[in-house]
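Asks: Dropping the sequence and predicted coords here.
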Amino acid sequence: MSALQQYIDLYNEHRQLVNGHAPQALNDLRPAALEALQGATLPAKGSEDYEATDLDAIFAPDYGVNMNRIQFQADQLASFSCDVPNLSTCLYFFHNDIFVPGRTARMNPDNPVVVESMVEAQQRHPELLKKYLGTLADLSKPEVALNTLLAQDGLFVYIPKGVTAEKTIQVVNIFNASQPLMAVRRVLVVADEDAHVRILTCDHTQNPDGQYLSSQVIEIVALKGATVDYYDMEESTSGTARVSSLFVDQQEGSNVLVDGITLLNGTTRNDFYVQVNGENAETHLLGMAIEGGTQHVDNHTYIGHNAPRCKSNEMFKYVVNDNAVGAFAGKILVKPDCPRVEAYQGNRNICAAPTAKMYTKPQLEIYTDDVKCSHGAAVGQLDDEALFYMRTRGISEDQARHLLMQAFVADVIEGVRLEALKDRLYHLTEKRFSGTLSLCGVCGSTDCSKHDKIK
């Protein structure tokens, strides 16, 4: 049985159960998802845009799916290795794939920002859910269609016209089941005209010995003049796999920043699809991965400039050590009749060991005149002359390497528009390079030696 077919059969067997727990807006999407999956296969390693990642192998294990919506216990207070000092947030959780408000979930009652489960949104805001859910997610991609087929609930964020969410919305995704489990998570963010919102998501695994798979689809709609910051931090375990697809629709004058940060993980595949559909829109797409051991991080990006006079700035950086594998494939497309576009794409990588592997594939397609566009990629090692210079000044080799690697990722961190989060990321990356960023705050372990050190 194929990796995909086992989950299609699971849905067909429990169709009434899945639909009975879900909002109607999700159920309305399932027939098209099921049709898209007929005869489909998950891409295997070596196929186009999947040189380093085997999605079929990621989904192949017989993960359980929480069809009965069982409430697993989770220690919310233990999940704060990602806590950001001096940053006031409205806090929410996904316990595996069940949405749960946290201790500071509610905003000021006078603020009309909506943050609720999709089941709640079906009751309170059915017209918004019906209008936007599923409009961006591409069902021709089997991993997206499978998520659409199995999702039973999700997170809905809506910022009304002209409203600013005064607090950052923080969502902590926790894995804590005792058995192998696939969590199917769905997120929809709609920022109405001239609305402003900042969202921080963090992935954590509380059972370091567990085998888990996160399947998630995020849709972000930024209407005219809206500003959306979406930060995504992953600190999980070697037994945690993640397949994430993020879709963005930008309208006239909107400003969207998406920042994907992988500090600890097992196998990760992130897809980012941005459609710039309005004039004078601005896009910032950033990413960073620090890998050791046998970690695997694959980021695939697409930015489509479908309107004139827009800007995009994209930068992804990797530090890859030991037997880890990094991969980046990015494409920027400027369509015809879209002059005055400025688009920049960069991918810079350090292989800190001869056994580390990095795949990179930058692409730029331009079908109009009067544009400013560039792209490039580089894979290298730390500067021996800089290391020697620092050693002659009394700095140990390990410390010198850590300082150079910290400086290497600094410009990605500088792209963060939340000062408190920026400071926290400098601290977390410093700990990651020195090998002291363990999951102690998540799993309770005091043995930091089991976590990979970037030498």
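Replies: Looks like it came in fine. Predicted model only: the values in this text are computed from it and were never measured.

Asks: Beta-bridge partners for the residue nearest to Val114 when sequence neighbours are not counted, please?
Replies: Nearest residue to Val114, sequence neighbours excluded (Cβ to Cβ, 6 or more residues apart in numbering): Tyr158, at 4.1 Å. The way it works is simple: take the backbone N, C-alpha and C, and place the C-beta from them, glycine included. Legend: beta-bridge partners of Tyr158 under DSSP bridges are Val114, Val190.

Asks: need the contact list for Tyr158.
Replies: Val113, Val114, His125, Leu128, Val189, Val190, Asp192 (Cβ atoms under 8 Å, 6 or more residues apart in numbering).

Asks: What of Gly154?
Replies: Shown in contact with Gly154 (Cβ under 8 Å, 6+ apart): Leu26, Phe99, Ser117, Met118, Arg185, Arg186, Val187, Leu188.

Asks: Work out for me the element the residue nearest to the fifth one when sequence neighbours are not counted sits within.
Replies: Read it as Arg185. Ranked by Cβ to Cβ, 6+ apart and with sequence neighbours excluded, the top spatial neighbour of Arg185 is Gln216, at 4.1 Å. In the assignment (DSSP states H and E), Gln216 maps to strand 212-222.

Asks: How about Val319?
Replies: Element membership of Val319, judged by DSSP H and E, is strand 311-320.

Asks: just checking, what packs against that strand?
Replies: In terms of contacts (3 or more Cβ pairs under 8 Å, 6 or more residues apart in numbering; DSSP states H and E), strand 311-320 is packed against strand 282-291, strand 296-305, strand 325-334, strand 342-351, strand 357-366, helix 397-414.

Asks: Save those as a markdown table, and put in mean pLDDT too.
Replies: Output for the helices and strands packed on strand 311-320, formatted as a markdown table (pLDDT from 0 to 100):
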| stretch | mean pLDDT |
| --- | --- |
| strand 282-291 | 97 |
| strand 296-305 | 97 |
| strand 325-334 | 96 |
| strand 342-351 | 96 |
| strand 357-366 | 95 |
| helix 397-414 | 84 |
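
Asks: Take these and write them to TSV, including distance to Val243 and mean neighbour count.
Replies: As requested, the helices and strands packed on strand 311-320 are exported to TSV (distance: least, Cβ to Cβ, whole Å; neighbours: other Cβ atoms under 10 Å):
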stretch	distance to Val243	mean neighbour count
strand 282-291	15	24
strand 296-305	10	24
strand 325-334	14	23
strand 342-351	21	21
strand 357-366	17	17
helix 397-414	23	17
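
Asks: Out of the ones you listed, which is closest to Ile174?
Replies: strand 296-305 (20.6 Å; Cβ to Cβ).

Asks: so the closest one versus strand 311-320, what angle?
Replies: Put simply, strand 296-305 runs at 170 degrees to strand 311-320, going by axes from the mean of the first three to the mean of the last three Cα atoms, to 10 degrees.

Asks: helices or strands next to strand 296-305 in the packing?
Replies: Secondary-structure packing of strand 296-305 (3+ Cβ pairs under 8 Å, 6+ apart): strand 267-276, strand 282-291, strand 311-320, strand 325-334, strand 342-351.

Asks: just checking, what packs against the helix or strand where Ser374 lies?
Replies: In this assignment (DSSP H and E), Ser374 forms part of strand 372-380. For strand 372-380, the elements it packs on are strand 325-334, strand 342-351, strand 357-366, judged by 3+ Cβ pairs under 8 Å, 6+ apart.

Asks: partners of that strand in the sheet?
Replies: Strand 372-380 sits in its sheet next to strand 342-351 (parallel), going by DSSP bridges.

Asks: Distance from the strand it pairs with to the middle of the chain?
Replies: The chain centre lies 18 Å from the centre of strand 342-351; the measure is Cα atoms, centre = their mean, to the nearest Å.

Asks: Could you write out the alpha-carbon coordinates of it in PDB?
Replies: In PDB, the C-alpha atoms belonging to strand 342-351 read as follows (Å, rounded to 0.1, in the frame of the first residue of the first chain):
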ATOM      1  CA  GLU A 342      12.300  44.900  -7.700                       C
ATOM      2  CA  ALA A 343      13.000  41.300  -6.700                       C
ATOM      3  CA  TYR A 344      16.000  39.900  -4.900                       C
ATOM      4  CA  GLN A 345      16.700  36.300  -3.900                       C
ATOM      5  CA  GLY A 346      19.700  35.000  -2.100                       C
ATOM      6  CA  ASN A 347      20.700  31.600  -0.600                       C
ATOM      7  CA  ARG A 348      24.000  31.400   1.400                       C
ATOM      8  CA  ASN A 349      25.200  28.300   3.100                       C
ATOM      9  CA  ILE A 350      28.100  27.000   5.200                       C
ATOM     10  CA  CYS A 351      29.000  23.300   5.300                       C
END
